[in-house]
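**Q** Make a model of this:
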Amino acid sequence: VQLQASGGGLVQPGESLRLSCLASGFGFRHYAMGWARQAPGQGREPISCIPSNDGSTFYADSVKGRFTISRRNSENMVYLQMNNLKPEDTAVYYCTTYRGSYCDTGLDDYWGQGTLVTVSS
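**A** Numbering: from 1, shown residues only. I've put the predicted structure just below:
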């Protein structure tokens, strides 16, 4: 399993970023996918999930209403549109896999290399 996250960078508060993840090495279209983040000195926090059939999505309260997850099964891609970014969103963002088709199957153990998002004025 390989998860290549990209799209991070340095932005000012209130700005937007779009993260992308290219997945390979497994049956992408059959698995829920998500994003998690790890802020400096903190543990990893799952923040969003999308099921394999592009159905009901999950968002952590900290990002609800500002972030949108999407996927394109034909290209093995998952995206995270992040709007109205805040300094507390600063973290390394990881693309994540789940154990089954739905988000309630739980996170699997594949994380990839992550992409750094820094929100600062």
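**Q** Grab the most central residue of this structure for me.
**A** Compute the mean C-alpha point of the chain, and by CA atoms, centre = their mean the closest residue is residue 35, 2.2 Å away.
**Q** Identify the residues contacting the helix or strand containing that residue?
**A** Element membership for residue 35, per DSSP states H and E: strand 33-38. For strand 33-38, contacts defined as CB atoms under 8 Å, 6 or more residues apart in numbering pick out 19, 21, 23, 44-50, 52, 58, 69, 71, 78, 80, 89, 91-98, 103, 107, 111, 114, 117. To be clear about C-beta, it is placed using only N, CA and C from the backbone, and glycine gets the same treatment.
**Q** For ChimeraX, write the selection for the buried entries among those residues.
**A** Applying 16 or more other CB atoms under 10 Å to the contacts of strand 33-38, the buried members can be selected in ChimeraX as follows:
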select :19,21,23,44,46,47,48,49,50,52,58,69,71,78,80,89,91,92,93,94,95,96,97,98,103,107,111,114,117
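**Q** Narrow the contacts of strand 33-38 to those in strands?
**A** If you go by DSSP state E, those have 19, 21, 23, 44-50, 58, 69, 71, 78, 80, 91-97, 117 in strands.
**Q** looking at it, residue 82 is touching residue 89, isn't it?
**A** Yes - applying CB atoms under 8 Å as the test, residue 82 and residue 89 come out as touching, 6.9 Å apart.
**Q** what do those two both touch?
**A** Counting by CB under 8 Å, 6+ apart, the contacts common to residue 82 and residue 89 are 63, 117.
**Q** so what's residue 11 up against?
**A** Listed by CB under 8 Å, 6+ apart, the contact partners of residue 11 are 17, 85, 117-119.
**Q** of these, buried ones?
**A** Looks like these have 17, 85, 117, 119 buried, using 16+ other CB under 10 Å.
**Q** Pipe these into JSON lines and attach pLDDT and secondary structure per row.
**A** What follows is the buried ones among the contacts of residue 11, written out as JSON lines (pLDDT from 0 to 100; DSSP: H, G, I helix; E, B strand; the rest coil):
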{"residue": "17", "pLDDT": "98", "secondary structure": "strand"}
{"residue": "85", "pLDDT": "98", "secondary structure": "coil"}
{"residue": "117", "pLDDT": "98", "secondary structure": "strand"}
{"residue": "119", "pLDDT": "98", "secondary structure": "strand"}
